[in-house]
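Peer 1: Curious how this folds, go ahead:
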Amino acid sequence: MTSDASADERLRALLEAAGEPPEGVQVSVAGEQEDQQEASRFLAGAFMVAIGLMALILVTQFNSFYQAGLVLSAIVFSTAGVLLGLLANAQPLRHRDGGHGHHRPGGNRGEQQYRVDRHLQ
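Peer 2: Coordinates of the predicted model:
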């Protein structure tokens, strides 16, 4: 298996040798890091929307900002506890796609890039 740097260099050299693509064809080289950043941005936004909606529901149910804040603090502390537990056990925080609407035929972009690189040898 080749290193990421070597695969990137070889793919760039191939793209330069191929020249400009025909009109209407767009070449985009991306890897797993872009997927992870996109997933992280989505999850952060979804987390904030969920907390906001929960706060709204709790305030309307309890008629008290104090009690709603107390319940919401449990969410923040439990999330911090999970992250500390992952850190203590040297486990990465991973986004796992269970195949629910985000499946990419042929695997992820990094694998596709590697397959293109291996095919050119």
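Peer 1: all helices of this protein, in order?
Peer 2: Secondary structure of the chain, counting by DSSP state H: helices at 4-18, 32-62, 65-88, 109-119.
Peer 1: for the ones you listed, which one sits closest to Q26?
Peer 2: Nearest to Q26, of all these, is helix 4-18, at 12.2 Å by CB to CB. No exception for glycine: its C-beta is placed from N, CA and C like everyone else's.
Peer 1: per-residue confidence at L84?
Peer 2: Here, the pLDDT recorded for L84 equals 93.
Peer 1: For the protein, which element, helix or strand, carries the lowest mean pLDDT?
Peer 2: Taking mean pLDDT, DSSP states H and E as the measure, the helix or strand of the chain with the lowest value is helix 109-119, at a mean of 47.
Peer 1: The helices of the chain: which one's closest to R94?
Peer 2: helix 32-62 (8.7 Å).
Peer 1: so how far is A74 from the residue lying farthest from the centre of the chain?
Peer 2: Ranked by distance from the centre of the chain (CA atoms, centre = their mean), the top residue is N63, with 37.2 Å. To A74, N63 is 19 Å away according to CB to CB, to the nearest Å.
Peer 1: do F62 as well
Peer 2: When F62 is compared with A74 (using CB to CB), they lie 14 Å apart.
Peer 1: Point out where this structure drops to low pLDDT.
Peer 2: Residue ranges of the chain with pLDDT under 70: 1-5, 29-30, 95-121.
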